[in-house]
Each structure stands twice: as C-alpha cells, then as structure tokens.
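K.L.:
A predicted structure for the sequence below; I have some questions about it.
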Amino acid sequence: MKVPGPALGLLELESIARGILVGDALVKRAPVDIAMAEPVSPGKYVLLFSGGVGEVEEALKAGVESAGSTLLDKLFLPRPAARLLEGLRDEFDQIWRESFGIVETHSVASTLLAADAALKRGEVWLRRLHLARGIGGKGYFVLGGRLDMVEAALEAAAGSIEPRMLLTTEVIQRPHPDTKGRVL
C-alpha cells in the first residue's frame, strides 16, 4: 500500500457506488494519493488517502460533502506516527519483543486512530495491521515491546477512540514461539 504523505485521511461509507463517486470528488478537490479505495465486507467502501496536511484536509472535506448520509466514519490524522506509516506500507519490525498487545476495533478509522495513539505513547513496534478485508469491516493491530510499554500503548489506544468503537484489547506476556510463528 503506497502511503507517502505526512497526513492521512480516511472515509468509510455504507454505499459502494457512492464510495466510488466520493473517491472521484476528493481527488478532484486536492492532490492526494489514494492508498486504498475498495469495497469491504459487509458492503462498505473504504477510502484511505495521504498527502500534505492541507491537501488531505481539503480532500476530506470534499469527501464528507459528497458522502452525505452514506458516511459511516471518517478520520483526519495530520501527523501519524512513523511506525504507523511503516505498517501501512507492510514494513513491519520483524524482531519479536517480550510481550504482545492486540487491539480490535469496529472500524478502519478507529483502528488507525488507536494504532497512532499507541505508537506515539510507548516504545512499541507494530507487528501486524489488518484493515477491514475479510473481517466484516473491523480492524486490528498487534504491537510488541516490553510489558509496561505495551500496557501503556494499549491504554492510549483505548483512550483515543470512542468506547463503542473498541471491541477489545489483549496482552500476551512472553508469547510461545508457536504464537509468533503460526498464530500470527
């Protein structure tokens, strides 16, 4: 997934057809790079885009205007954590840390917002980031690091989103080698 810009914008819509129209409207309004524009189950459409802060903000406004009542969720993240951008590009830290933290949310926007907060809070590394595909539009991410840092990151993640958007957070201390290799 190409994510070069210093800002991220995201729109989740309940209509696939309107999602395509919204994608056209936002790139016509401002020069942004589309990282993800696709239908996801259960029949939602997700648009993730990046670019300069002003450009992403302007494109997001155009998208929200075009989406109308089909808008389910939105996100403007002007300065995302560098490790979040690495995760969006599938550049994960391959070194396993002492503990894992897992966060599962009900939407792509809440996943990105929670991951950004977690990565900015503690010295943790993003190990996996999964957005919407094949999991009913939900998202989850896995962090690794020292137990105290993972716990602080999970606390930040949970506190950064509306409680109704958080499905769960979990911690695994000293994961078994099979968890590292086969489960994840």
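P.N.:
Everything's here; your move.
K.L.:
Closest to the centroid, which residue in the protein?
P.N.:
Using CA atoms, centre = their mean, the residue of the chain that lies closest to the mean C-alpha position is L112, 2.4 Å off.
K.L.:
Would you agree D24 falls within a helix?
P.N.:
Yes. Using DSSP: H, G, I helix; E, B strand; the rest coil, the secondary structure at D24 is a helix.
K.L.:
Just give the number of residues close to it.
P.N.:
Counted with other CB atoms under 10 Å, the burial measure for D24 works out to 14 neighbours. Placement of C-beta: from N, CA and C, glycine included.
K.L.:
cool, and A157?
P.N.:
By the measure other CB under 10 Å, the count of residues near A157 is 26.
K.L.:
Thought E104 was touching it, still the case?
P.N.:
No. Here A157 does not reach E104: they are 10.3 Å apart, not a contact under CB atoms under 8 Å.
K.L.:
so what sits against both of the two?
P.N.:
In the contact map built from CB atoms under 8 Å, 6 or more residues apart in numbering, the residues linked to both A157 and E104 are T169.
K.L.:
if we can go back for a sec, look up how far A62 lies from the residue nearest to the centre of the chain.
P.N.:
20 Å (CB to CB, to the nearest Å).
K.L.:
now L11
P.N.:
As judged by CB to CB, L11 and A62 stand 10 Å apart.
K.L.:
Kindly report the same for E123.
P.N.:
As judged by CB to CB, E123 and A62 stand 38 Å apart.
K.L.:
Same check on V53?
P.N.:
With CB to CB as the criterion, V53 and A62 are 15 Å apart.
K.L.:
neighbour-wise, which of those two wins?
P.N.:
A side-by-side neighbour count of V53 and A62, using other CB under 10 Å, places A62 first with 18 against 15.
K.L.:
Many thanks, have a good one.
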